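Peer 1: sequence and predicted structure below; questions after.
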Amino acid sequence: MQQCFDTTSSNPICPACHSKHRQTKAGHTTSGIQRYQCQDCKRHYCTENRRYRYPLDIRQQAAGLHANGSSLREIARTFSVNHQTVVNWIRSDEDQSS
Ligand SMILES: [Zn+2]
């Protein structure tokens, strides 16, 4: 498994050696997440955009529950996430469909 972590920085930090420099882009994972290679320790790792820090299938399940009449509060409890996180999921799905 690739080691993934969440970052909003355009200058990623290597999760293995914590180097901040010589982090080069190395393509994308199959799920479209940016991969990087650390030139200090030569390890590959990937970062996730904060907006998509949760897997797409979970967000789709949440959107499905919402479409079936579940309240945002219930959905948040189901997936053990913040209520505002669920709101963001629903909104991002609406953005994509319009
Ligand atoms: Zn490194």
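Peer 2: Sure, I can see it. Numbers count the residues shown, from 1 in each chain.

Peer 1: can you pull out the helices in the protein?
Peer 2: Under the criterion DSSP state H, the chain contains helices at 56-67, 72-78, 83-97.

Peer 1: next, the buried residues of the second one.
Peer 2: Which is helix 72-78. 72, 75, 76 (16 or more other C-beta atoms under 10 Å). Backbone N, C-alpha and C define where each C-beta goes, glycine included.

Peer 1: average pLDDT for that helix?
Peer 2: Average pLDDT, helix 72-78: 94.

Peer 1: equivalent analysis for the longest one, please.
Peer 2: When the per-residue pLDDT values of helix 83-97 are averaged, the result is 76.

Peer 1: just stretch 38-56 next, same as before
Peer 2: On average, stretch 38-56 scores 78.

Peer 1: quote the end-to-end distance of that stretch.
Peer 2: 27 Å (C-alpha to C-alpha, to the nearest Å).

Peer 1: what about residue 62, how many neighbours?
Peer 2: Residue 62 has 23 neighbours, counted by other C-beta atoms under 10 Å.

Peer 1: tell me the contacts of it?
Peer 2: Residue 62 makes contact with 75, 78, 79, 86, 89, 90 under the criterion C-beta atoms under 8 Å, 6 or more residues apart in numbering.

Peer 1: now do 7 Å
Peer 2: Applying C-beta atoms under 7 Å, 6 or more residues apart in numbering to residue 62 gives the contacts 75, 79, 86, 89.

Peer 1: just to revisit the earlier point, out of the helices of the chain, nearest to residue 37?
Peer 2: Among the helices of the chain, the nearest to residue 37 by C-beta to C-beta is helix 56-67 (24.6 Å).

Peer 1: coming back round to it: with distance to residue 30 as added columns, please give the helices of the chain in JSON lines.
Peer 2: As requested, the helices of the chain are exported to JSON lines (distance: least, C-beta to C-beta, whole Å):
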{"stretch": "helix 56-67", "distance to residue 30": "12"}
{"stretch": "helix 72-78", "distance to residue 30": "27"}
{"stretch": "helix 83-97", "distance to residue 30": "19"}
